[in-house]
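> give me the fold of what follows.
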Amino acid sequence: MMTNLFSSFDPTASFNMSLNWLSIFLGLFFIPPAYWLIPSRHLWLWYKIIITLHYEFKTLIGNEKKGSTLMMISLFSMIMFNNILGLCPYIFTSTSHLVMTLSLALPMWFSFMIYGWLNNSTHMFAHLVPQGTPNILMPFMVIIETISNIIRPGTLAIRLAANMIAGHLLMTLLGNTGPNLTLIVLNILLILQILLLILESAVAIIQSYVFAILSTLYSSEIH
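The predicted model follows:
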């Protein structure tokens, strides 16, 4: 019995050991067999997704930064694996915790800032003042742009974690009301749960794409 609504996101498993975090590595077991088996439709679809993401990220980053799309595609794949695995029963949703999302967003943003300020400091200073800003508003724009730049890793992390928590909480709330309902209302609730599960599957993919595409946009601003 849950003593707290958020206890479904508790990372502590049985025997007071945080074994639930091992779900992060479950996605690694799905990748190698695909390269040893006869190419299937699943593998063909995955290649199509990777190629599409590669061309889209390359358009944003630029052709001169070859190989940068590999990092963003890997980031997208990792987040999507964890989001989708979190929808399976009794599998821990690691991306619903800020520890996980901040661990992805903060080092990446920090590396972008170090690279940008060391190699393109003039461009980074110019980016603080948008083109066409009146002289009297320049100090305020510098402050606003600086704050918006600093909170970027936080917004990336909170957006992903909040979207994962929101859907799971709604499914938990609806699921807990099941034993107290009549048969007709229970059938309606079951249909709603199935529709919500489909929506959460779409959100799992969309949020991983949003995280990767925003990271790509942030990296494109430093050169």
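> the helix or strand where A105 lies: which residues count as buried?
Element membership of A105 [criterion: DSSP states H and E] is helix 98-119. Burial within helix 98-119, assessed by neighbour count using 16 or more other C-beta atoms under 10 Å, is assigned to M100, T101, L102, L104, A105, M108, W109, F112, M113, G116. C-betas here are computed from N, CA, C, even on glycine.
> can you count the residues close to M80?
Using other C-beta atoms under 10 Å, M80 has 21 neighbouring residues.
> okay, V210: pLDDT?
Listed pLDDT for V210 reads 93.
> quick one: contacts for it?
When contacts are counted by C-beta atoms under 8 Å, 6 or more residues apart in numbering, V210 is found next to R159, L160.
> so it is in which element?
V210 belongs to helix 183-220 when assigned by DSSP H and E.
> helices or strands up against the helix-or-strand element of the chain with minimal mean pLDDT?
Least confident helix or strand of the chain, by mean pLDDT, DSSP states H and E, is helix 121-127 with a mean of 78. For helix 121-127, the elements it packs on are helix 98-119, judged by 3 or more C-beta pairs under 8 Å, 6 or more residues apart in numbering; DSSP states H and E.
> helices or strands next to the helix it packs on in the packing?
helix 68-85, helix 121-127, helix 152-176, helix 183-220.
> kindly recompute the last result at 7 Å.
With contacts defined as 3 or more C-beta pairs under 7 Å, 6 or more residues apart in numbering; DSSP states H and E, helix 98-119 has these neighbours: helix 152-176, helix 183-220.
> if we can go back for a sec, the helix holding A105 vs helix 183-220, what angle?
Orientation check (axes from the mean of the first three to the mean of the last three C-alpha atoms, to 10 degrees): helix 98-119 against helix 183-220 gives 20 degrees.
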